[in-house]
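> I need the structure of the sequence given here:
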Amino acid sequence: MRPPYEPGRVRYHHTRGDSPDAANDQRDAPLPSFDPWRDDGAASPPPPRDERPWDGPPRDDGFWQQERRRWPDPLPPPRPWWRRVRWGRWLVRGAAALIVLFVVAVIWLAVTAPLSRSLKPPTPPSITLTAADGTPIARRGAIIGAPVDAAKLPAHVREAFLAIEDRRFYSHWGVDPRGIARAAWANLGSGGVRQGGSTITQQLAKNAFLDSDRTAARKLREAMIAFWLEAWLSKDEILSRYLSNVYFGDNVYGITAASKHYFGRTPMQLNVGQAAMLAGLVKAPSRLAPTGNLKGARARQAVVVGAMVDAGFLSKDEAARVQPQRVLAERPETLPTGTYFADWVLPSAREVAGESGTEATVRTTLDRGFQRTAERVVRQAALRGMQAALVAMKPDGTVVAMVGGKDYGASAFNRAVQAKRQPGSTFKLFVYLAAMRSGLTPATVMDDTPVEIAGWKPRNDDGRYLGPITLQRAFARSSNVVAARLTQQVGVRNVIRAARDLGITTPIANEATIGLGTAEVSLLELTGAYAAVASGRYPVVPRGVEGGRGASWYEAIAGRDTAMPDKIRDEMRTLLGSSIRGTGRGANLPVSAFGKTGTSQGGRDGWFIGFAGDLVVGVWVGRDDSAPNPGLHGGGIPAQIWRQFMMSALHIPVAVAPVEDEMAAPIDPGNMLDGLGVDLGGDVGRAVDEARPRVEDALDRLREMGIELPRPPAPRERLPERRRLDEGRGEDGGDGAKEDGGPGGF
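Numbering: from 1, shown residues only. The predicted model follows:
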């Protein structure tokens, strides 16, 4: 029976002790009543928890006086088992982290290791370049065979690779723990790396997606990609891609190319011994290639045959009947694998060939006749330790010949394309083009006297200043002070704009000195700029492949392929024509020719660029280390190389003693006086040397007016008496009268 009260809830009520009648009042006062006891448990329950003012101040409500006491809280619900276990929470967190990492890994593999990459060859395929007439001139890249389907190959071909590379290929998931443990045990016993535990799937992952470094991170990525490949490809697809891309030595990739290269047959026709030899090459293809190491390849073939017996693919009797294999004799390489032109044109050729997975053939613009001529004239030039480069193109930019140095075998550096050198006076083409655009003409007179521009004092190379002269004469003499004055007058920005319009892309400083060729350019680019004057359209983009990329719609809208006004084109041709009869007279031809010389400071670079007929040719001579070359100038060796190439390329006959050349040749004051019998020694010789520049200037003025003076005949033809006098002299130049008493004894 439960008591009629709740334990801990009974309180005694006392009257205040400060009242004198407190005791009596307490004794006479009735006791408070209790709630009636009920056996059915229906006693008044305590107020609900949400109605009890636990946090409020104490209140007096009769029997239930609330103070700052709380009802005992109910028991909490039981915790899950993983929370009752201390390490269970960390297990859940670890599992969640693994799921997140798995999702990230899948996304990473989908981006960095797309399955389509396993179909592509690991190296660019072989590409054969042909000349314009279709004759092969160079071959680059690897020999890559067509893909194969492993399921359709003979069983012994598949089994040869499986036996030596991955016997459990069809049972593992991309990584073989047993193979790794076996390789580790063998390597531990031998004290070095003797075996590898990589599966065929891992090898495909490495060949197609990774580099060849030997780090733990690379091995981890290799394993992840192997699982990725196994999840998305069948076993036969993995084996097919592996056999189609694996390296077999001799720059040969894929079993199709290897079968043809070594045995002259297809993979379907391989016998057991041939399949075993190819499978054995995978371990060390460069060292075991049978064309260079037949003995080693045969020894490796025997190892593979033994592995096929151990794996149950061959019986001992079948293995005993396998003979050492022979391979095709290594054919001599008759096709060159590298030339300056091929190096330059290869990127464009691959763009034209597209994404071909096998060998491709691309026709180039090279003319074999012009190329042989260019190589010959450079080889025969008296370079004296210097290098030379030559570029020949059509006015539309079609490159027909290119020489980047004296000897490709000694140096593959292409000085026609890769070298950036100061062009000297050849850069004046852009100064005068900007001047013609501003309204000046070749007849405009400029002052050829010393000038100072912001502390810079340009000077003429020959130290002579002619005062007021026409722009045509200044261009022919390559006057530096006139070029500096023009640059200042038309503005540096307009000169730079003219260079950019004609195709110069290299950096050009915004300063007046650029008029004398201080900005560095390449020979190919500068030759293309002169081709723009020859064609009358700009810019001319040099190209070496038939069917190359044309101008895009944006380039067309931006102003590419712009026609040069006829007036400006004719004026520029007038200037270039006068130059080739001035400083460039060493390149003069018996046909209409146009060109400009250029010499950088100290003779470090000598240039001649010009055009005649349908050819635009640029020549550069100098040293790779930019060392000075005393005596080198554009009108010397570069002009001679240019003339010799043009004479041969344009089929200009060489006359023994053409009357026209004698009549048109400049008059030499020394020859004139010598023909008159005047001794050039002593004071007379010095007077002639001083008068020579004045005579040359006078002849230049006459040529500008269209007057060409005939050259006097040789002295022996003109004065018979002088010839007889010379015959009377001894070989040493002495007086013959001492011996025979002839008329020479004065």
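> other SSEs contacting the strand or helix carrying Ala223?
Using DSSP states H and E, Ala223 sits in helix 216-232. For helix 216-232, the packing partners by 3 or more Cβ pairs under 8 Å, 6 or more residues apart in numbering; DSSP states H and E come out as helix 88-112, helix 200-209. C-betas here are computed from N, CA, C, even on glycine.
> hey, least reliable of these by pLDDT?
If the helices and strands packed on helix 216-232 are sorted by mean pLDDT, helix 88-112 sits at the bottom with a mean of 66.
> What residues are bridge-paired with the closest residue to Pro125 other than its chain neighbours?
Spatial nearest neighbour of Pro125, chain neighbours left out: Ile144 (4.4 Å); criterion: Cβ to Cβ, 6 or more residues apart in numbering. Ile144 forms beta bridges with Tyr253, as assigned by DSSP bridges.
> returning to what we had before: buried residues in the next helix or strand after the helix holding Ala223?
Using DSSP H and E, the helix or strand that follows helix 216-232 in sequence is helix 235-245. Going by neighbour count (16 or more other Cβ atoms under 10 Å), the buried part of helix 235-245 is 235, 237-245.
> Check which helices and strands helix 235-245 sits against.
Using 3+ Cβ pairs under 8 Å, 6+ apart, helix 235-245 is in contact with helix 155-165, helix 200-209, helix 255-263.
> Would you state the strands of the stretch 551-700 of the chain in chain order?
Along the stretch 551-700 of the chain, the segments classed as strands by DSSP state E, counting those that start in this stretch run 562-563, 593-599, 605-612, 615-622.
> Could you identify which of these has the lowest mean pLDDT?
strand 562-563 - the lowest mean pLDDT of the strands of the stretch 551-700 of the chain, at a mean of 92.
> Bridging across strands, which residues link to Phe608?
Under the criterion used (DSSP bridges), Phe608 bridges to Thr597, Val619.
> Wait, it touches Phe645, no?
No: between Phe608 and Phe645 no contact is recorded; they are 10.4 Å apart, counting by Cβ atoms under 8 Å.
> the more surrounded of the two?
Neighbour tally, Phe608 and Phe645, criterion other Cβ atoms under 10 Å: the higher count belongs to Phe608, 31 against 24.
> residues in contact with that one?
If you count contacts by Cβ atoms under 8 Å, 6 or more residues apart in numbering, Phe608 has them with 426, 584, 587, 595-598, 618-619, 634-635, 638-639, 641-642.
> Apply 10 Å and report the result again.
By Cβ atoms under 10 Å, 6 or more residues apart in numbering, Phe608 lies in contact with 426, 580, 583-584, 586-587, 595-599, 617-621, 633-643.
> Also Phe427?
483, 495, 499, 504, 508, 514-519, 521, 526, 529, 596, 598, 607.
> Filter these down to the buried ones.
Applying 16+ other Cβ under 10 Å to those flags 483, 495, 499, 504, 508, 514-519, 521, 526, 529, 596, 598, 607 as buried.
> among those residues, which are in helices?
Counted as lying in helices by DSSP state H, out of these, are 483, 495, 499, 526, 529.
> For the closest residue to Gln472 other than its chain neighbours, give me the backbone phi and psi.
Closest residue in space to Gln472, ignoring its immediate chain neighbours: Pro442 at 3.9 Å, by Cβ to Cβ, 6+ apart. Dihedral pair for Pro442: phi -60, psi -20, per degrees, to the nearest 10.
> Give me the pLDDT for Pro442.
Note on Pro442: pLDDT of 96.
> and if you look at the one 5 residues further on?
The confidence metric pLDDT takes the value 95 at Asp447.
> Doesn't it lie inside a strand?
Yes: looking at Asp447 with DSSP: H, G, I helix; E, B strand; the rest coil, it is inside a strand.
> that older thread, shared neighbours of Phe608 and Phe645, anything?
587, 617, 619.
> Most neighbours among those residues, which one?
Of all the shared contacts of Phe608 and Phe645, the highest neighbour tally under other Cβ under 10 Å goes to Val619, namely 34 neighbours.
> Could you pull up the contacting residues of that one?
Applying Cβ under 10 Å, 6+ apart, we find Val619 in contact with 374, 377-378, 381, 388-392, 403, 416, 523, 527, 587, 595, 606-610, 634, 637-645.
> how far away is it from Leu650?
15 Å (Cβ to Cβ, to the nearest Å).
> do Phe169 as well
From Phe169 to Leu650 the distance is 67 Å (Cβ to Cβ).
> Closest to Ala476 out of the shared contacts of Phe608 and Phe645?
Ala587 (13.1 Å; Cβ to Cβ).
> need the contact list for that closest one.
With Cβ under 10 Å, 6+ apart, Ala587 has these contacts: 579-581, 593, 595-597, 608-610, 612, 617, 619, 634-635, 638-646.
> Now distance to Arg363 too, for the strands of the stretch 551-700 of the chain, in JSON lines please.
Conversion of those to JSON lines gives the following (distance: least, Cβ to Cβ, whole Å):
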{"stretch": "strand 562-563", "distance to Arg363": "29"}
{"stretch": "strand 593-599", "distance to Arg363": "31"}
{"stretch": "strand 605-612", "distance to Arg363": "25"}
{"stretch": "strand 615-622", "distance to Arg363": "20"}
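> so where is the stretch 201-350 of the chain shaky, pLDDT-wise?
Counting by pLDDT under 70, the stretch 201-350 of the chain contains low-confidence ranges at 208-219, 330-335, 337.
> Helices of the stretch 451-600 of the chain, start to end?
For the stretch 451-600 of the chain, the helices defined by DSSP state H, counting those that start in this stretch cover 471-477, 480-490, 492-501, 523-535, 553-557, 566-580.
> Skip the chain neighbours and tell me the closest residue to Pro147.
Ser244 (4.2 Å).
> The one you found and Thr441, how far apart?
From Ser244 to Thr441 the distance is 68 Å (Cβ to Cβ).
> Take stretch 464-479, keep the C-alpha atoms, and write them as CSV.
Taking Å, rounded to 0.1, in the frame of the first residue of the first chain, the C-alpha atoms of stretch 464-479 are listed here in CSV:
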residue,chain,number,x,y,z
ARG,A,464,80.7,61.9,-97.0
TYR,A,465,77.8,64.3,-97.0
LEU,A,466,76.4,65.6,-100.3
GLY,A,467,74.1,68.4,-99.0
PRO,A,468,70.7,68.6,-100.7
ILE,A,469,70.0,65.4,-102.6
THR,A,470,66.9,63.6,-103.8
LEU,A,471,65.4,60.7,-101.9
GLN,A,472,66.2,58.4,-104.8
ARG,A,473,69.8,59.2,-104.6
ALA,A,474,69.8,59.1,-100.8
PHE,A,475,68.3,55.6,-101.0
ALA,A,476,70.8,54.5,-103.6
ARG,A,477,73.7,55.8,-101.5
SER,A,478,72.0,54.4,-98.3
SER,A,479,72.5,57.8,-96.6
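> re earlier: I'd assumed Leu153 was in contact with the residue nearest to Pro147.
No: applying Cβ atoms under 10 Å, one finds Ser244 not in contact with Leu153, separated by 11.0 Å.
> list the residues that contact both of these two?
Common neighbours of Ser244 and Leu153 (criterion: Cβ under 10 Å, 6+ apart): Ile255.
> tell me the angle the helix or strand harbouring Ala275 makes with helix 155-165.
Element membership for Ala275, per DSSP H and E: helix 272-281. Using axes from the mean of the first three to the mean of the last three Cα atoms, to 10 degrees, one finds that helix 272-281 and helix 155-165 are set 30 degrees apart in direction.
> which helices and strands does the helix or strand following helix 272-281 pack with?
Once helix 272-281 ends, the next helix or strand along the chain (criterion: DSSP H and E) is helix 285-288. Applying 3 or more Cβ pairs under 10 Å, 6 or more residues apart in numbering; DSSP states H and E, we find helix 285-288 packed against helix 272-281, helix 294-310.
> For helix 285-288, output the C-alpha coordinates as PDB.
Provided in PDB are the C-alpha atoms of helix 285-288 (Å, rounded to 0.1, in the frame of the first residue of the first chain):
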ATOM      1  CA  PRO A 285      63.100  -2.700 -77.600                       C
ATOM      2  CA  SER A 286      66.000  -0.300 -78.400                       C
ATOM      3  CA  ARG A 287      68.700  -2.800 -77.100                       C
ATOM      4  CA  LEU A 288      67.100  -6.000 -78.500                       C
END
